[in-house]
Each structure stands twice: as C-alpha cells, then as structure tokens.
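Asker: pasting the sequence and the predicted coordinates here, then a few questions.
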Amino acid sequence: MESNLFHLQYAIDTFYFLVCGALVMWMAAGFAMLESGLVRAKNTTEILTKNVALFAVACTMYLVCGYAIMYGGNVFLSGIADVDVDGVLGDFATREDGFTGGSIYSAASDFFFQVVFVATAMSIVSGAVAERMKLWAFLVFAVFMTGFIYPLEGAWTWGGADVFGMYNLGDLGFSDFAGSGIVHMAGAAAALAGVLLLGPRKGKYGPNGEIRAFPGANMPLAALGTFILWMGWFGFNGGSVLKLGDVASANSVAMVFLNTNAAAAGGAIAALITARLMFGKADLTMLLNGAIAGLVVITAEPSTPSALTATIWGALGGILVVLSIVTLDKLRIDDPVGAISAHGVCGLLGLLLVPVTNGDVSFSGQIIGALTIFIWVFVASLVVWGILKAVMGIRVTEEEEYEGVDLSECGMEAYPEFVSGKQ
C-alpha cells in the first residue's frame, strides 16, 4: 500500500510540476506579444526575434551550467535519474524530507520548472532595451544573465547557499515564494543597467525637458500578451507550492490561484483609476501594466494573504507602477514597455509586504535580501553591458534606429504591406 501511495504522489506532483512549467513557458508568448504591441511597427520583427532566441539561450545555458550553479548537479553531462519502477528512491528531487509529507517529483520536472523562470527574468530585459539595442549584443548578454548572473543569486535564495560565504538569506528571515525579487526584480535590475548605458531612444526627450510619446504599433497584441501573462502566472505562482498530492497542498494551490487572480484584478483597476485621475483618460498601457504589477507584487507571497488582502496589495502595485513609469520618464530613463517599473519597483514592494501576513519573515531580512539581489544583478550586469559596449557596441546607429531595427538587424518588416521602414 505504501508503495502504491508513493507512486501516486510521485506521479501527481511530477505531472503538476510539468503542467505549471508549461504554463510558465507560455508566458514567453505573453512577453513577445506585449512587447511587440508596445514598440513601434518598424521594430516588431526584432523584438519577436529576441523573445524566441532568448528563450532558447536561457534553456541551453541553464542546462549547461545554470542549474548546477543554482542547485548543484550537472544535468548537461550526466542527466537526471528518477525513482525506479519498484518505488526505490533514486536520484529524485525532494523538498522537505522525502515521502513523509515532503514534495516528491521527477528531478527532470524540477529542472523544467526552474528553467522557464530563468527565461522569464531575461524576457523582462528585452522590452526595456527595445528599439535601439543591437540584437547580437543582447543575445550575448543573455548568455551571461541566464548562465551565471541569475543562477548565482538563485543559489543564495532558493538554493540556500551563503552569499559569498558571508551570510545566508534564509537565516536572516528572507522569503520570496515565487520570485518577486529573485526573478522579476532581478530581471529589472539587469534591464536598468542596460538602459543606463544604452541611453534613451532618439527624440524621446526634448531639449527643454519635454517627454514625447512613442505610441505602440499594435494595442490588440499588447492586450493579448497581458492576458497570456495573466494566465501563465497561475503556473508561475501555483507551481511554486511544489506539490499537489495531499489535501493541505491542494488547498494551498487553490488559495494561491485565487490570490494571484485577485491581485491582478486589483492592480488593473487601481492603475486605470490612477491614470484617469492623472491624465484625464483611460490609458490602456497603464491598465495593462497595472495588471502585471499586481501579479508581480503577489508573487512574493500568494499563499498567506486573504483574497481581500491580495486585492489591496495588487491595487498598491497598480498605483505604484503608474507613478514609477511617470517618474522614470522624468528622470529620462527610457523604458518603452514599463518593465523596470512593473517588475522592479513592484517586485520590491512585493518583498516588503511579505512580513505583513507571514510571521516567519522579517522586514530586515526582506530588505537585506532585496539589496543583495539588486546590487549583485545590477553591478554584474553593468560590468557585462560595459564590456559588450566596449568590444562590440550595444546600440545601433542613428540611421538604423530611424529606419527601424527590423531592417538593420533582421532584414524584414513585420507589416510590409502597411508600413515602410521609415514610419
């Protein structure tokens, strides 16, 4: 009987991991659609190329070395052995302490679930540097981000390793349930480093301080991308429960799904109202970023708040993302899709809200953890971006930017029948 129960729990938890991983993988399509909708038509093909290519790079680099850095074990060279058919424990993935109440699942499914998180972090960078970065410089950076920078900070957090041998974030009371800081703020930190070295798009800011709007080419695609991200987030947060094969875990998964959805809705409503009060119009782009902001905020702790609390937290994110986007524009930090605000600023908010409902977490631990993640990713990314800028350049020429990077980087337009490269 115990052997049969083991097989059943193993199968359920493994299958749940794989389904949630597939949902998170689908978020790659959401980022691609959102970003291609928010950039100008002449840059659409290149942004799509980046999103598909970065996903492939992330999967390969995490397989080659990223997973080993973050959790130990070389998947690329040795593969992963699972539990054998007789129920004898082999080299399988387990969280907590094995069969007695712990999470038991295929180690291959654990790798698959983790690798799509890496790709998500890199996708955040893509939108922030859009419309003026060289494609190949971006992809070279993706190699370092997904193979080394992200896995190292992941080792200090989810991997449980000491930070440069000095302190352990878990011992300090740090917690990040599904990655508000570890994934989203990290991606935003890497994006911010790139944007600062890259500079704003030509003509975005006038000589007298005026800010010029560059409307996106396809709002239906941007809205579709947001809905895809919203849907994929159920796998992002729900899968982070790490198991499904018992009553307590099933109830936890249900609560995580409920709170994830509530926070997204709260963020969308709050951002829409904030934009209406500030601009006098219902701004679709702020509405979309508000939903994403709510999702980012709740990702740090979707299991302990009530649905009402989750909605309020999401609303705080929705308000904050609008204020942050406006502030960054005033500071001449050009982020075409609002990624730094939605994922970075709101990721920090999510971390700081965790101790409100989780008594095992301390505010000091959250602050130290957030600083550790941000400083490491920002400084490491700044170094990599700086080397790339010196060696191969990271920005296209002024003429190429005017014509659109679709033509200079990819040699084709996304809408050749409707627009010319100069529009």
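Answerer: On my side now, so go ahead. Residues are numbered from 1 along each chain as shown.
Asker: and the lengthiest helix in the chain, how far from the chain's centre?
Answerer: If each helix of the chain is counted by residues according to DSSP state H, the longest one is helix 2-38. Helix 2-38 has its average C-alpha position 15 Å from the chain's average C-alpha position, going by C-alpha atoms, centre = their mean, to the nearest Å.
Asker: likewise stretch 274-286?
Answerer: Computed by C-alpha atoms, centre = their mean, the chain-centroid distance of stretch 274-286 equals 25 Å.
Asker: and what of stretch 109-129?
Answerer: For stretch 109-129, the distance between its averaged C-alpha position and the chain's averaged C-alpha position is 6 Å (C-alpha atoms, centre = their mean).
Asker: would you mark the buried spots in it?
Answerer: Buried positions in stretch 109-129, judged by neighbour count with 16 or more other C-beta atoms under 10 Å: 109-129. All C-beta atoms are positioned from the backbone trio N, CA, C, and that covers glycine.
Asker: what mean pLDDT does that stretch have?
Answerer: Per-residue pLDDT values over stretch 109-129 give a mean of 95.
Asker: Validate this expectation: Gly393 resides in a strand.
Answerer: No - remark: Gly393 does not belong to a strand; assigned using DSSP: H, G, I helix; E, B strand; the rest coil, it is coil.
Asker: got a list of what it touches?
Answerer: Contact criterion C-beta atoms under 8 Å, 6 or more residues apart in numbering gives 134, 137 as the residues in contact with Gly393.
Asker: gap between it and Tyr10?
Answerer: To Tyr10, Gly393 is 51 Å away according to C-beta to C-beta, to the nearest Å.
Asker: got it, and Leu258?
Answerer: According to C-beta to C-beta, Leu258 and Tyr10 sit 27 Å apart.
Asker: these two: which is more packed in?
Answerer: Here Leu258 and Tyr10 are compared on neighbour count by other C-beta atoms under 10 Å; more neighbours surround Tyr10, at 20 against 15.
Asker: helices along the stretch 1-150 of the chain, start to end?
Answerer: Per DSSP state H, counting those that start in this stretch, the stretch 1-150 of the chain has helices spanning 2-38, 44-61, 67-71, 75-78, 107-128, 135-144, 150-157. These are given in chain order.
Asker: let's have the ones you listed in TSV, adding distance to Met231.
Answerer: Output for the helices of the stretch 1-150 of the chain, formatted as TSV (distance: least, C-beta to C-beta, whole Å):
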stretch	distance to Met231
helix 2-38	7
helix 44-61	17
helix 67-71	26
helix 75-78	28
helix 107-128	14
helix 135-144	25
helix 150-157	24
